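In: What shape does this take:
(2 chains)
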Amino acid sequence: METVIGINFGSTNSSIAVLAPNGHFNVIANADGERMIPSVVGFSNDEEVSGTQALQQVVRNPKNTLQGFRKLIGKKFEEVKASSDVTHPDIVSKDGIPAYKVTFKEQEHIFTVPEIVTKHLKHVHEEAEAYLGNKVTGAVLAVPTYFTEHQREVLAKSAADAGINVLQTIKEPVAAALAYNFGQNPTKGDAQDKTALVLDMGASSFDVTVLSVRSGIYTILETAHDEALGGEAFTDELVQLVAQEFKKKTKVDVSGNKKALLKIRTAAEITKKQLARSASAPCSVESVAEGLDYHASINRLRFELAATKLFAKCNALIEHILEKAQLTAGAIDEILLVGGATRMPKFQSRIRDIFPETPMRLDQESDEAIAVGCAAQASLIAGFEKEDIAASTKENITVAPHTVKPIGVTGPNDEFFTIIPSHTPLPAKRVFEFGQAADGQTEVYFALYEGEQDPLPPKKEKVEKVDIGSDDEEEEEEEDLPVKPTYHKTTLLAEVVLKELPAGAKAGTLKIEATVQVDASGKTIITLREKKSGKQVRAESA
Amino acid sequence: MVLDFLLPSPPKSWSGDKFHAKITTPTKATVEPVGRHFLAHARRHIHSRTFSEDEKVISEAEAAAKNAAEGAQDDSDLGDEPEDPAMLRRDPKDWKDQDQYAVLGLSALRYKATEDQIRRAHRRKVLRHHPDKKAAHGGLHDDGFFKCIQKAFETLMDPVKRRQWDSVDPNVSDAVPNPKSKADFYKSYGPVFEREARFSNIQPVPLLGNAESSQESVEAFYDFWYKFDSWRTFEWMDKEDGEGHDSRDDKRYFEKKNKAERAKLKKEDNARLREIVDQALSLDPRIKIFKEQANKSRNAKRREKEEAEKKAAEAAAAAAAAAEAARIAAEETEKAAREDNKKNKELLKRAVRKEKKNLKALIKDNNYFLPAGQTAGPAEVEKQLELLDALLDGAKGLEQLEAVRVTLENGVKNGDIAEVFKAEVAKRSA
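Out: Numbers count the residues shown, from 1 in each chain, chains lettered A, B, ... in the order given. Below you'll find the model as predicted:
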């Protein structure tokens, strides 16, 4: 029996998911009951701890508590900015690879980053096996889009050292799309060709991806990420807020007191999460500095005001990526939210500024989406031989020609109906059904065009308003919705006529099925078929 | 997908199907190797199949997998029996009299048919005889036989009703084999017991077996069949339906009648089964063999026993004689020994007396052992004789007397008799 899991190895938290027999995906909680397992490895006096337990010792033993090691995977020592101080472990070079210097069992030890990754993944793997009660035979891991091939390899090797049989490593936004079942089950109401914006705000970075799905196949059109944005950046703002307030109340400045800041952070993290749900949340830190406590209730508005700049940065990044991908906001069919920080109400409402109407997918627990997507992929390929998986992910298969411009038909008023959109991997095949225009019509004319996107409307200069009070006005101003891309300039590709249709049918009652196929070289085949009589005509480009 | 778009008639400019331009040269981009649609893409690429080819291959594979999964759905075990035209014309009102198995085409299996087989047989018949289907083929809207099928299915799927029907199934023989027939015992009785076994509440039922069956199994077989616990019921034969009587008295009357009838039939059936078992037991060649064997072994045992008894008696007699002889011999030896002893003692006494006499003579001859020169006055004599008596009392047994005598004689010879006598008296009487 194959038992396969999906592992989301995040830079702050990791999670594991598995396909349950009922067809749902379960996210596995660790022994401490946490579904989000902190990506932390720690060394106490005589014990090596991982996950929740390791995180719990961070205030007490920061020098021997290692966090954020995912960022260092596959990097050289010179590339790493070592922030060595009292609250961070020491990073040294070992054969050019960054390594941590820790005190363990009263001795100095040096562990390289891959070794730490192995320790962490081993812990995660063990948690999964403990939960499932049997051996895990394979796993799919998610990696950020910006991971290089080398980084992927280092991660895969570390995972293999941890005893994990890595079936495949997939990209995080793609895993999330799979978890949201984005474009996987096209129905009449749900088109098979769509474009999504995946917003992944984890604890320590903000990844934006434009992802197209064409007949269920994903292609990443554009991606951008900002490591300065992320849940922790927002927590930092809250920490500043609390520190200022503490100073006002007690006249004690804690800005240089790293230990005090660390204490505030732990409390602020909880407060931030509560603020995502309620308008105000308490924040209490005991003995911040000089034996003084801090107890206060923080208003959501105040927090949002403090973080305005961060929200603006998020939106700027989204707008930047749209511009890079040459897409209007209207070309995005869905927004997929990933990562715990996307739960912030202000974050969502700010995105609404750009996409007022676009459906925002929240049906998947956002910080578990990646693990669930990995588990979905793992269960899909569980039965395959490892060589076959490796062979099918090779470039000769994954690199495919994609259409540049949409192919479709034009209506009487020059409106363009897309049949095969741009960015569609070839070969592609689409089947559409049409009616006939007039009563008693016995011949139908099918003309296939290639559309050229009209130039994007000039960008409106928007002034970022810091004043929260004017929110309502802002919304009123933005009445004009972003338009779907239009294609007025077209090139005629082909004309086909289906003759001898059954006579006497009323307009629109005949069902004519048009199949348009484009193969890898760009060769086009058009087939028209009247469904009831089976009459058909086929035309093929040279 | 349906596009809200209507296709017009060809415009005047149209002069035949034609390709005017190629699509803009595609650009290379990487698709994400994720999801089942990508798997399909990879599969098409690896096997260089077109979309329709791939769909065909996949649907065929799926159909094959489905068939494999439903491999048990093969209906060949049900057989394919022709439908009796008379049966097809049956009136569904008389469903109680119909052959429930034949209606479903299970005449060959009958009580052996499993629930699954009944279900499948029913499905097969429904597909063929559903009134809608018949109407669609232009047939009359005649659902008579379909009703029969439904009734038969209802009966056979209800465990209670099925037992009732199986109990009275006229197509399974109830016959008792003819005991005078010369046919092979196992061939004629084996199937009978197999047939009757279906009524047993206790399963599995021990079957007749063959000539090689062990005695235990044969005995267990008859033991079981004499205690046979049958579920056979005769409700199906109820002449009057207990239901549908307005009057309670009527109802009770019919119920009573039915009950009595059932009890009677049951009794008859038990007697019938008993008869079969009795016959089998009386005809069973194995039982005869076992009896003979038992007889033989009993006789052999008895003979053995008698012989052993005889031998034992002989041995006992011999032993008694030997013991008697030994006893007599022992007695005789004892007697002889006793007499010897007596004689010896006499001799010894005589010798002692003689010795004492010798000693007394010696003392009288030698001046009563007084030192030389001393005359023996009556006082001295008496004193010396007293001393001698004490000496004789002190010397026990013949040897000591002899030793005393020798010492004293030596003393006489050497002339120091007085000293020797004194010393001897002191030594012996001490």
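
In: Point me to the residue of the stretch 301-430 of chain B nearest chain A.
Out: B:Lys301 (64.7 Å; CB to the nearest CB). C-beta coordinates here come from the backbone N, C-alpha and C atoms, glycine included.

In: avg pLDDT for the host helix or strand of that residue?
Out: Element membership for B:Lys301 (DSSP states H and E) is helix B:285-365. Averaged across helix B:285-365, pLDDT comes to 90.

In: before we move on, what about stretch A:334-348?
Out: Rounded mean pLDDT across stretch A:334-348 is 89.

In: Which positions in that stretch come out as buried?
Out: The neighbour-count check on stretch A:334-348 (16 or more other CB atoms under 10 Å in any protein chain shown) flags A:334-344, A:346-348 as buried.

In: Of the residues you listed, which pair is most distant in space?
Out: A:Glu334 and A:Lys346 (20.9 Å; CB to CB).

In: How is the chain partitioned into domains?
Out: No chain was given, so I picked chain A. Annotated domains of chain A cover A:4-170, A:188-363, A:407-540 [automatic domain parsing].

In: To clarify, I was referring to chain B.
Out: Listed domain ranges for chain B are B:77-168, B:185-283, B:350-429 (source: automatic domain parsing).

In: Residue 23: neighbouring residues, count only.
Out: In the absence of a named chain, this looks at chain A. Other residues near A:Gly23 come to 7 when the count uses other CB atoms under 10 Å in any protein chain shown.

In: that's the wrong chain, I meant chain B
Out: 22.

In: For the stretch 151-300 of chain B, give the residue positioned nearest to chain A.
Out: Distance from chain A to each residue of the stretch 151-300 of chain B (CB to the nearest CB) is smallest for B:Met157, at 30.8 Å.

In: before we move on, the earlier item: looking at the domains of chain A, which is closest to chain B?
Out: Chain B lies closest to domain A:188-363 among those, at 2.7 Å (CB to the nearest CB).

In: Would you mind listing where the stretch 151-300 of chain B has pLDDT under the threshold?
Out: Across the stretch 151-300 of chain B, residues meeting the criterion (pLDDT under 70) sit at B:240-245.

In: Quick one: the helices in it, in order.
Out: B:159-168, B:185-196, B:215-226, B:248-283, B:285-365 (DSSP state H, counting those that start in this stretch).

In: what comes up buried for the fourth one?
Out: This means helix B:248-283. Those would be B:251, B:254, B:258, B:261-262, B:265, B:269, B:273, B:276-277, B:279-280, B:283, for helix B:248-283 by 16+ other CB under 10 Å.

In: before we move on, the earlier item: check the buried residues of stretch A:334-348 against chain B, which are close?
Out: Near chain B, judged by CB under 8 Å from any CB of the partner chain, there are no entries from the buried residues of stretch A:334-348.

In: From the residues you listed, pick the one nearest A:Asn61.
Out: Closest to A:Asn61, out of all of the buried residues of stretch A:334-348 and judged by CB to CB, is A:Gly340, at 25.5 Å.

In: Return the member of the domains of chain A having the minimum mean pLDDT.
Out: domain A:407-540 (a mean of 76).

In: So A:Phe491 is in contact with A:Tyr449, correct?
Out: Heads up, residue A:491 is Thr, not Phe. Yes - with contact defined as CB atoms under 8 Å, A:Thr491 counts as touching A:Tyr449 (6.3 Å).
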